[in-house]
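Novice: Sequence below, structure please.
(one chain, ligands or ions: 2)
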Amino acid sequence: MGKATNIVWHKAAVTKQDRQLQNGHGSCVLWFTGLSGSGKSTLANAVSAELYRRGMNEYVLDGDNIRHGLNRDLGFSEADRTENIRRIGEVAKLFVDSGMIVATAFISPFRSDRDQVRALFEEGDFIEVFVDCPLAECERRDPKQLYAKARRGEIKDFTGIDSPYEPPVQPEITIHTDLLSVEKAVEQIFVYLYRKNII
Ligand SMILES: Nc1ncnc2c1ncn2[C@@H]1O[C@H](COP(=O)(O)OS(=O)(=O)O)[C@@H](OP(=O)(O)O)[C@H]1O
Ligand SMILES: Nc1ncnc2c1ncn2[C@@H]1O[C@H](COP(=O)(O)OP(=O)(O)O)[C@@H](O)[C@H]1O
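Specialist: Ligands and ions are numbered 1, 2, ... in the order given. Okay, here's the model as predicted:
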């Protein structure tokens, strides 16, 4: 429950359906979740670039970037990660309402937080994409050298090392990035979007 009282929802003159009709495609959130280095940002951006190339309305919300602005007041405690994901869920909902296909790239390690976000959306609008990659491979990639720092004890509460990651139970899409190329993974996501008549 929010803190404010005496607020009344204002119905918009232009609806999500109006925008989808004008755009010629549906809107949804592709919610990429997985360990650091699993490939969330790479895939979110690759999908987004291909949607853009085909003339569709898309946007990427990325953990590292959002934490520089909107969520700069949040750290990596359990409570802060929960608040981080709650806010992004609300932002993603606005994007979906605006008729966009939005790709989010957040570790979002807690199942209950992801389920809370799912509950904000209409059936079918929330597409959980599990970027499944073994910790050993993420650590081998270590694109930002963060695992190395975490192993040396220079970063505390690092996901997969000393902070938990709860894998999705029934994600709409699972991508094994240790086995599949980026191109094939993008193809897999496009097949899903076509099959669901979103694009
Ligand atoms: N302690 C700790 N644990 C995990 N990740 C850390 C941490 N400290 C910094 N980073 C960097 O922050 C990125 C994760 O931010 P997110 O907003 O996606 O995290 S969360 O969803 O709130 O758990 C994450 O980005 P990705 O590597 O792209 O996942 C890291 O670069
Ligand atoms: N099949 C793949 N899918 C996604 N990323 C891959 C794949 N194979 C190798 N990589 C590499 O793994 C790293 C993943 O980093 P990034 O996308 O930033 O992950 P995350 O956003 O999950 O932290 C990149 O350097 C990327 O080039």
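Novice: looking at the chain, which helix or strand is least sure?
Specialist: helix 63-66 (a mean of 86; mean pLDDT, DSSP states H and E).
Novice: Would you mark the buried spots in the longest helix seen in the chain?
Specialist: In the chain, with assignment by DSSP state H, the single longest helix is helix 78-97. Buried residues in helix 78-97, counted by 16 or more other C-beta atoms under 10 Å: R81, T82, N84, I85, I88, G89, V91, A92, K93, F95, V96, D97. Placement of C-beta: from N, CA and C, glycine included.
Novice: In terms of secondary structure, what does that helix contact?
Specialist: strand 28-33, strand 58-62, helix 63-66, strand 101-105, helix 111-118 (3 or more C-beta pairs under 8 Å, 6 or more residues apart in numbering; DSSP states H and E).
Novice: Skipping adjacent residues, who's closest to the closest residue to ligand 1 within the chain in space?
Specialist: Taking C-beta to the nearest ligand atom, ligand 1 has its nearest neighbour within the chain at G63, 2.7 Å off. Nearest-residue entry for G63: F106, 4.5 Å, with adjacent residues in sequence omitted and distances by C-beta to C-beta, 6 or more residues apart in numbering.
Novice: how about that neighbour, phi and psi?
Specialist: Per-residue torsions, F106: phi -130, psi 140 (degrees, to the nearest 10).
Novice: Let me see the contact set for it.
Specialist: F32, T33, K40, L61, D62, G63, I66, N84, I85, I88 (C-beta atoms under 8 Å, 6 or more residues apart in numbering).
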